[in-house]
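>>> A predicted structure for the sequence below; I have some questions about it.
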Amino acid sequence: MAAAGCVFHRTLSRSKPGPNKASSSSPAVCREFLYVVDVQRYSRDQGSSVYFPQAVLKSDDLYDVTLTDGDCRLRVTLDPGLNRLVERNVLRPGSTLRNATFAPAMAAQLPECPGAPGDRDSYRLLSAEVTDAAPGEDEEDGVSRVDVDGDSLPWFGLSQPAGPLVPLRANRSVFLPRWNNVDYSGEVWRETPPTEEEEGDEEEEEEEEEVEAQHPAVTVSELRDSFLSGRRGVARGSIQHQLIVRIINKSHLMYYGRTDRNCDCPYKALLEVCDRTGSVCVVLWNSVCVSWYRCLKPGDIISLRHYRVKQHYQAEPDDIEISVNSRNPAARISLLPESSVSPEYLPPAPTYSFYASKELLDRPHGALCDVIGLLMFSGRPERIRSKDGRGAELLEYRWLRLEDGTSNQPITVKLFSTSQPEAHHKLHPLSVVVCTRLKLIKSADRTHVGFHLTNTTHTQVYCTGLGHHSQMSYRKLRPVRQFLQWLKSQEDGQVLSRALIGGFFVYPPPAVSLETYMKDRRGEPGFLRGAELQREVERLCYRERHTFCIQATVTMVTYSRRGEENRCLFWTDRASSLSPSSSSTSPSSPHLSKTSTHPSPSPSLSSSSSSSPPLLPLPSTPHSFRRPLFSSSSSFSPTSPSSAVSQLTPPRPLDHRLCRRSRKRRQLLQAHTPNKRHPWVTLQPEQSNKTVILFEASMEFLENTNADDDDNDDDDDEEDTSSFVTAPLLPAFPPIAMETLLMRYDHARREEQAAAVAMGGRAAAAGKFDSALEDYYTLRLRALSDGVSVDAHFLPHSSSSSTSPLFLHHSNTWTSILSHGAFSSHTPPPSPADLIGMAAQLANQRLVCVLEACHLGGAMTELILSRAFHLTD
């Protein structure tokens, strides 16, 4: 029972009807701050719509949110109209709510159900203002942001649950993970087998099993023959005869919950088992998965009784499967030590097919493989839409790169969820990783691209840190021992210097020619208009990845370094910017307003006023699409050249700049670049800079942009498209997202680093670690179809790094760099100043642009230009 003076008591007591009054539906508004402790997802059922009479249920999911005021806890259901807050990772554990509106609602679970509220009163959250309050931050806006231990607080009212929590608005017994349907979620999923008392077995049956455990009463081949021959006891009834088998393969969990069906635990899992006479598929159904899935692993010997034999679903007509249910009949499962089974009945051990990286080159497409290697790159988790026809489910995956010392070609794995969340959280670089039952993917038309491996239904992953390897029989195999011998010859410092984590990663790399790329895209949607691209990007959910194509021209190129975005080099095509068709519909042309500390569920979008002074457009952050505002866009100075290359300096406040326009200070570009691999430019006072005379002259000449200057410019100089200027009134622009750049692996802080990269990780935490690459380019693309402009990052250094295969030799011109997505691997890359100086080559070029979009949470969407192909007439 919560204290009578708590925030929930003061707020929600007003919404309860009196003893002689009818039930009230009037909402109650909490003006004080509340903190989100947990967000739990589940799928609705047939009766869920009753609890939301005025809501349009567009999604299959519902969310229960646990809130606290610091004194007690309260579970509420998020109104379906607010689901988008969770889907885009705006509302999450650690968030702060204010002006929250609650309405009373009846719970779906009966009070006698374990985990249901003690009374029938519960609440819906109708609206709220959400802010991102990281625990431990200083007090801001009157919010004392402290790390509250929600588990230690009492529940509000009489809502103390009698057991594990269950969903409030559907008759489900388990919750789904927030980001996929494959992993398990919650403490109800057992790590240890149920005891005999929990199974409800009688003592006589236990004693009988102890005797029979030495010898199975039936074999797999006998079951198959009996079922196929139509023997009545096997074909129609449950079988009590003990079957002793060994688990060969284990599938991931399969969730089959539907909104039009009521099933409290809609899960199943497949086990491939065998004895000395053959193999068979065992299907664990519903709550049997909750009790046994985590307890079983390949190699275990199990005893089965009270099961049913059926024809194998989606298999040959002469094959069978064994169904293990929680009722009708309630199956009995036991884990047996090998010593308890007579040697003549001991099932054979699992077999593995380990292949080294050099051997995978000779394997055919679709071959099943097991691999072991040292993890050198662990990508960030992302999600893609399933291709099951509906496309509603989001599949979580990450890219891994393993080395085994047998070749220079790493083993690249696209690893989807395998219902092993603990193992996936431990996939740190420099871990020894074993992946079993992977499928080899090769491109028939592009043999130079290489290959990668991906999941099958029975894929399992094992890594150091959880004690997996010592329990598995593969540790004695020759390929594994050979790998361990190679591993002993490696030095920590050598491999640590190459270990990477997180960041943007694309594989297989797109084709380097437009013809090949379009051939690979057969069956995919065609080119999008600029407005269509904007709408599609706004529909993305958190960490959802999608590839889009548009036809566009480049109107601006910017070179920056992370953390130093207030100083950069850029080229802009003024003629294109002044074009009437590229006006206000551009989602990226409006200047960014400072992000509110209390973002609304749909972040507000702002544009620069039509009355603002002329500005050179800087790229807004590529991860922040803005809705087009139909007002006049900022005009550009007509005295400026049609195309210019500029160096941006730290901007002063606007009013200071206006009053000091007559006191311009000439700033020169340093001639040399200190680091050949990561070139950069610095600013020096003119009197201490020894630079090229012609360069200084061009700076001095083009620097004078005063509108009151009556000097006539030479016509030829006005058409110069590659001159350096100091741009006036330069606005600041947001940097590249922390999650976009690859990070160097920090072994001492590996848990913190992994948490920053994980689903739901904080971008601020990722910024604490060193990036493998600091510099990047930003290209402003103007769609040919409707003139809408978008900004996309371009990472030619990242694409040329060790995470990508070797690219073909090319001339390092803009056309070849964009078509390859990287600098040439055979020659040194051009310096940023040279590349920006050559950007005029892009003026008026029609390009097919391949954009990789990934939503990073809130209003942030990462947009990467992976390829751009020149269109010829």
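Nice, I can see it.
>>> which residues are contacting stretch 812-830?
Among residues not part of stretch 812-830, those counted as contacts by C-beta atoms under 8 Å, 6 or more residues apart in numbering are 509-510, 512-514, 676, 794, 796-797, 799-800, 804, 806-811, 835, 838-839, 841-842, 845, 847, 865-870. Just so you know, the C-beta spots here come from the backbone N, C-alpha and C atoms, and that holds for glycine as well.
>>> out of those residues, which end up buried?
For the contacts of stretch 812-830, a burial check counting by 16 or more other C-beta atoms under 10 Å picks out 509-510, 512, 514, 794, 796-797, 799-800, 804, 807, 810, 835, 838-839, 842, 845, 847, 865-869.
>>> filter those residues down to the ones in strands?
Using DSSP state E, the members of the buried ones among the contacts of stretch 812-830 that fall in strands are 794, 847, 865-869.
>>> which one of those is nearest residue 270?
Closest to residue 270 out of those is residue 866 (36.8 Å), distances taken as C-beta to C-beta.
>>> ok, the closest one - contacts?
506, 509-510, 547, 799, 821, 850-852.
>>> would you map the strands across the stretch 451-600 of the chain?
Taking DSSP state E, counting those that start in this stretch to define them, one finds strands in the stretch 451-600 of the chain at 451-454, 460-463, 500-501, 545-561, 568-573.
>>> burial measure for residue 13, as a count.
11 (other C-beta atoms under 10 Å).
>>> so it: helix, strand or coil?
Using DSSP: H, G, I helix; E, B strand; the rest coil, the structure places residue 13 in helix.
>>> could I get the pLDDT score of it?
Residue 13 carries a pLDDT value of 77.
>>> now swap in residue 134 and tell me
At residue 134, pLDDT is 44.
>>> what does residue 796 give?
91.
>>> thinking it is in contact with residue 775, fair?
No - taking contacts as C-beta atoms under 8 Å, residue 796 lies outside contact range of residue 775: 9.4 Å.
>>> quick one: residue 748 from residue 487, how far?
21 Å (C-beta to C-beta, to the nearest Å).
>>> wait, a strand at residue 852?
Yes - judged by three-state DSSP, residue 852 forms part of a strand.
>>> so it bridges to which residues?
residue 547, residue 864 (DSSP bridges).
>>> hey, where'd the helices end up in the stretch 101-250 of the chain?
For the stretch 101-250 of the chain, the helices defined by DSSP state H, counting those that start in this stretch occupy 196-199, 203-212, 220-228, 232-235.
>>> any weak-confidence spans in the stretch 351-500 of the chain?
Applying pLDDT under 70 to the stretch 351-500 of the chain flags the ranges 388-391, 444-449.
>>> so residue 748 and residue 487 - more neighbours on which side?
More crowded of residue 748 and residue 487, by other C-beta under 10 Å: residue 487, with 16 against 7.
>>> contact partners for that one?
So residue 487 contacts 374, 405, 432 (C-beta under 8 Å, 6+ apart).
>>> scan those and report the most crowded one.
Busiest of the contacts of residue 487 [other C-beta under 10 Å] is residue 374, holding 23 neighbours.
>>> which strand residues bridge that one?
residue 403, residue 432.
>>> and residue 861, that's in a helix?
No - counting by three-state DSSP, residue 861 is located in no helix; its state is strand.
>>> that one: neighbour count?
As a burial measure, residue 861 scores 21 neighbours (other C-beta under 10 Å).
>>> from memory it sits against residue 537, does it?
Yes - counting by C-beta under 8 Å, residue 861 touches residue 537, with 5.4 Å between them.
>>> re the thing from before, which one of the ones in strands among the buried ones among the contacts of stretch 812-830 is nearest residue 394?
Taking C-beta to C-beta as the measure, residue 394 lies nearest residue 866 of these, at 21.3 Å.
>>> from residue 511, how far off is the closest one?
11 Å.
>>> likewise residue 418?
31 Å.
>>> contacting residues around residue 51?
Applying C-beta under 8 Å, 6+ apart, we find residue 51 in contact with 77, 105-106, 108, 124, 169.
>>> pLDDT-wise, what's the bottom of these?
residue 108 (67).
>>> quick one, phi/psi of residue 758?
Backbone geometry at residue 758, expressed as degrees, to the nearest 10, gives phi -60, psi 170.
>>> please name the nearest non-neighbouring residue to the spatially most central residue of the chain.
Centroid-nearest residue in the chain: residue 382, 2.6 Å away (criterion: C-alpha atoms, centre = their mean). Excluding its sequence neighbours, the residue lying closest to residue 382 (C-beta to C-beta, 6 or more residues apart in numbering) is residue 545, at 4.6 Å.
>>> that neighbour: how many residues sit nearby?
Using other C-beta under 10 Å: residue 545 sits among 18 other residues.
>>> what does residue 505 give?
Residues lying near residue 505 (other C-beta under 10 Å) number 20.
>>> and residue 494, by the same measure?
By other C-beta under 10 Å, 8 other residues sit near residue 494.
>>> which ones are touching residue 250?
If you count contacts by C-beta under 8 Å, 6+ apart, then residue 250 has 269-272, 296-298, 458, 460 around it.
>>> pLDDT score for it?
97.
>>> related to what we said a few turns ago, dump the contacts of residue 866 to TSV, plus pLDDT.
Below are the contacts of residue 866 laid out as TSV (pLDDT from 0 to 100):
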residue	pLDDT
506	93
509	87
510	87
547	95
799	58
821	91
850	96
851	96
852	96
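>>> any chance of these in JSON lines, plus distance to residue 442?
Listed next are these as JSON lines, based on distance: C-beta to C-beta, whole Å:
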{"residue": "506", "distance to residue 442": "18"}
{"residue": "509", "distance to residue 442": "14"}
{"residue": "510", "distance to residue 442": "16"}
{"residue": "547", "distance to residue 442": "20"}
{"residue": "799", "distance to residue 442": "21"}
{"residue": "821", "distance to residue 442": "21"}
{"residue": "850", "distance to residue 442": "22"}
{"residue": "851", "distance to residue 442": "26"}
{"residue": "852", "distance to residue 442": "22"}
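>>> so the residue nearest to residue 105 when sequence neighbours are not counted bridges to which residues?
Spatial nearest neighbour of residue 105, chain neighbours left out: residue 124 (4.7 Å); criterion: C-beta to C-beta, 6+ apart. Per DSSP bridges, the residues bridged to residue 124 are residue 77, residue 103.
>>> one step back: which of the contacts of stretch 812-830 fall within helices?
Cross-referencing these against helices under DSSP state H gives 514, 796-797, 799, 835.
>>> ok, those vs residue 52, which is closest?
The closest of the ones in helices among the contacts of stretch 812-830, once distances to residue 52 are taken by C-beta to C-beta, is residue 799, at 46.8 Å.
>>> just the buried ones from the contacts of residue 250?
Judged by 16+ other C-beta under 10 Å, buried ones among these: 269-272, 296, 298, 458, 460.
>>> enumerate every residue touching residue 745.
428-430, 496, 499-501, 753.
>>> take these and keep only those in helices.
496, 753.
>>> right, and the pair among the contacts of residue 745 with maximum separation?
Spatial extent of the contacts of residue 745 (C-beta to C-beta) is set by the pair 496 and 753 at 13.1 Å.
>>> so those two - more neighbours on which side?
For residue 496 versus residue 753, neighbours defined as other C-beta under 10 Å are more numerous around residue 753 (25 against 15).
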